[in-house]
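Next comes the sequence, and after it the predicted model I'd like to discuss.
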Amino acid sequence: MLDTPVYDSETKSYFELVQMGLGYSDRGPLSPEIGWERSRLFALGRLCKGVPGRFAIVPSPAVHKFLRETLRPTEAAWIGLRY
């Protein structure tokens, strides 16, 4: 897992994987799980080059592969899916 945003030339976007850890959950103070809305608001509060964050948009299998291979999540992660 990286601790800095990474640039994807296909989408011309930066991506960052943020581990939330314990204490951020809607399910209780020690739960490792965090809800979608709370994660979304947290992302909005982060800045990269002066631009507010958001969940990742994964427009193609190539971008999905880039995210999996570059960020290498070890746990479940919110990427912005709504439906």
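That came in fine, so what should we check first?

From residue 70, how far off is residue 9?
Residue 9 sits 12 Å away from residue 70, going by CB to CB, to the nearest Å. C-betas here are computed from N, CA, C, even on glycine.

of those two, who's got more company?
Using other CB atoms under 10 Å, the more surrounded residue of residue 9 and residue 70 is residue 70, with 13 against 7.

Show me where this structure has its helices.
36-44, 61-71 (DSSP state H).

Out of the ones you listed, the one nearest residue 5 is which?
helix 61-71 (10.0 Å; CB to CB).

What mean pLDDT does that closest one get?
Averaged over helix 61-71, pLDDT sits at 89.

list the buried ones in it?
Across helix 61-71, burial judged by 16 or more other CB atoms under 10 Å covers 63, 66, 67, 71.

Check stretch 53-60 too.
Neighbour-count burial for stretch 53-60, with 16+ other CB under 10 Å as criterion, is recorded at 53, 55, 56, 58.

Dump stretch 62-76 to PDB, restricted to CA.
Backbone C-alpha positions of stretch 62-76 (Å, rounded to 0.1, in the frame of the first residue of the first chain) are rendered in PDB as follows:
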ATOM      1  CA  ALA A  62      -7.200  -1.100 -17.500                       C
ATOM      2  CA  VAL A  63      -7.800   1.400 -14.800                       C
ATOM      3  CA  HIS A  64      -9.100  -1.300 -12.500                       C
ATOM      4  CA  LYS A  65      -5.900  -3.300 -13.100                       C
ATOM      5  CA  PHE A  66      -3.800  -0.200 -12.500                       C
ATOM      6  CA  LEU A  67      -5.500   0.400  -9.200                       C
ATOM      7  CA  ARG A  68      -5.200  -3.200  -8.000                       C
ATOM      8  CA  GLU A  69      -1.500  -3.500  -9.000                       C
ATOM      9  CA  THR A  70      -0.400   0.000  -8.000                       C
ATOM     10  CA  LEU A  71      -2.300   0.500  -4.700                       C
ATOM     11  CA  ARG A  72      -2.400  -3.100  -3.700                       C
ATOM     12  CA  PRO A  73      -5.300  -3.000  -1.200                       C
ATOM     13  CA  THR A  74      -5.100  -5.700   1.400                       C
ATOM     14  CA  GLU A  75      -8.600  -5.200   2.800                       C
ATOM     15  CA  ALA A  76     -12.000  -4.200   1.300                       C
END
